[in-house]
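K.L.:
Give me a model of this one.
(2 chains)
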Amino acid sequence: MELTDADLVARVLADDDQHAFGELVRRHQSTVRGILRQLTRTDIALADDLAQETFIRAYKNIRGFRGEARFSTWLYRIAYNCFREDARRRKELVGVDEEQWQGEQDPQTVDPGLRHDLMHALNLLPLHERTAVVLCCQNGLSHDEAARVLDIPLGTVKTNVLRGREKLKRTLAAWGPN
Amino acid sequence: MNAMIDDETLDRQLREAAPYIDDNGFTARVMARLPAARREPRWLRAMILMGMTLLGSGVVYLLSGGGRFVREGVIQLSDFPVWLLLIFAFGCGLVVGAFAVILAIRKTPEVRDLARLRF
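P.N.:
Have a look, this model is predicted:
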């Protein structure tokens, strides 16, 4: 039977079991790196550096994880904090490197034109709306979980998701073929 | 201009546009940067806990005059009417049971999450 995240966290807490933590990294690396790529506007190198920092912080502070939320929610919160601190350090976010990003994607499951349009439209959203859309619409977090990750009121998350979705739809509709 | 798509379709397209990212050595790089694991033997922790418990029990036993208060308490309890003892035992059971349930819920995220589920 596969161990749950809670079981693995318990092993890390009890025995400082780095193998258990490695399994947690393997399980969540894709989502954490994906979210950070969206937040950094697909800057892969920066996103992966931040993702590494996220997991190292998670390991160092794992005793602060009280199991009140899912482990993944706690992890996304650390990732978001890493991103914000880095953005603050840089003062402004870095630009889009879409060629590099597209080069690393899996075989096409979506029309490449649509994927390009979607990602481009997503990158046009203001950061707070983009973050809410990435967490809730793309990664399936509930509004409540996203509010915990972003440390903002639930109503603000709902508003940001709603506005972000509407802007995305309008942009995609305007770009679409007639 | 195209008609606007619905929320469900938009969410699905967003999910499909961000496929699984292969590990490609990422986990290994993270593991290499982790601080060294603490090597505090478990038996040492167990010995410390056991020693403290025994020491505390010994001190209490000596300070209480060889546990005399326990004997006196039992004698006093035996003078109580049976119905009062039954109520006392039932009350003790309820209190201990309530503490056990609260602790179990606090220690088990899956159980706690049941309260958040909306059917």
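K.L.:
Which stretches in chain A count as helices?
P.N.:
Ranges of helices within chain A are A:5-15, A:18-39, A:44-60, A:71-90, A:98-103, A:112-124, A:127-133, A:143-150, A:154-175, based on DSSP state H.
K.L.:
Using TSV, please lay out those helices together with mean neighbour count and mean pLDDT.
P.N.:
To be clear about C-beta, it is placed using only N, CA and C from the backbone, and glycine gets the same treatment. Below are these laid out as TSV (neighbours: other Cβ atoms under 10 Å in any protein chain shown; pLDDT from 0 to 100):
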stretch	mean neighbour count	mean pLDDT
helix A:5-15	16	88
helix A:18-39	21	93
helix A:44-60	20	94
helix A:71-90	18	91
helix A:98-103	12	39
helix A:112-124	17	78
helix A:127-133	21	92
helix A:143-150	21	92
helix A:154-175	17	90
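K.L.:
Let's have those helices in TSV, adding distance to chain B.
P.N.:
Shown next, in TSV, are the helices of chain A (distance: least, Cβ to the nearest Cβ, whole Å):
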stretch	distance to chain B
helix A:5-15	6
helix A:18-39	4
helix A:44-60	5
helix A:71-90	9
helix A:98-103	10
helix A:112-124	5
helix A:127-133	7
helix A:143-150	8
helix A:154-175	4
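K.L.:
For B:Ala98, find the nearest of those.
P.N.:
Between B:Ala98 and these, the tightest spacing by Cβ to Cβ is seen for helix A:5-15, at 24.4 Å.
K.L.:
Identify the residues contacting that closest one?
P.N.:
Outside helix A:5-15, the residues that touch it by Cβ atoms under 8 Å, 6 or more residues apart in numbering or on different chains are A:3, A:17-18, A:20-21, A:23-24, A:27, A:59, A:62-63, A:65, A:67, A:70-72, B:42, B:109-110.
K.L.:
Now do the contacts for the residue nearest to B:Asp11 when sequence neighbours are not counted.
P.N.:
If the residues on either side of it in the chain are set aside, B:Asp11 comes closest to A:Cys137, at 4.5 Å by Cβ to Cβ, 6 or more residues apart in numbering or on different chains. Residues near A:Cys137 by Cβ under 8 Å, 6+ apart: A:Val161, A:Gly164, A:Arg165, B:Asp7, B:Leu10, B:Asp11, B:Leu14, B:Arg15.
K.L.:
Against which helices or strands is the strand or helix carrying B:Val95 packed?
P.N.:
Secondary structure from DSSP states H and E places B:Val95 in helix B:82-107. Applying 3 or more Cβ pairs under 8 Å, 6 or more residues apart in numbering or on different chains; DSSP states H and E, one finds that helix B:82-107 contacts helix B:109-114.
K.L.:
Give the rounded mean pLDDT of the helix it packs on.
P.N.:
Here helix B:109-114 scores 58 as its mean pLDDT.
K.L.:
same deal with stretch B:22-37?
P.N.:
On average, stretch B:22-37 scores 90.
K.L.:
do stretch B:84-100 as well
P.N.:
On average, stretch B:84-100 scores 94.
K.L.:
Stretch B:61-71 now?
P.N.:
For stretch B:61-71, the per-residue pLDDT averages 80.
K.L.:
Check the offset of it from the chain's centre.
P.N.:
With Cα atoms, centre = their mean, to the nearest Å as the basis, stretch B:61-71 stands 33 Å off its chain's centre.
K.L.:
List phi and psi for A:Thr4.
P.N.:
phi -80, psi 170 (degrees, to the nearest 10).
K.L.:
quick one: it from B:Leu14, how far?
P.N.:
A:Thr4 is 27 Å from B:Leu14, where distance means Cβ to Cβ, to the nearest Å.
K.L.:
So which of those two has more stuff around it?
P.N.:
Using other Cβ atoms under 10 Å in any protein chain shown as the criterion, A:Thr4 and B:Leu14 rank with B:Leu14 on top: 24 against 12.
K.L.:
What lies in contact with the strand or helix carrying the more buried one?
P.N.:
Using DSSP H and E, B:Leu14 sits within helix B:7-16. Outside helix B:7-16, the residues within contact range by Cβ under 8 Å, 6+ apart are A:109-110, A:114-115, A:118, A:122, A:133, A:137-140, A:165, A:168-169, A:172, B:5.
K.L.:
List just the nearest of these to A:Asp48.
P.N.:
Checking those one by one against A:Asp48 (Cβ to Cβ), the nearest turns out to be A:Asn139, at 17.5 Å.
K.L.:
is it true that the closest one touches A:Arg33?
P.N.:
No. Judged on Cβ atoms under 8 Å, A:Asn139 makes no contact with A:Arg33 at a distance of 11.8 Å.
K.L.:
Helix, strand or coil: sort out B:Arg45 for me.
P.N.:
Three-state call for B:Arg45 (DSSP: H, G, I helix; E, B strand; the rest coil): helix.
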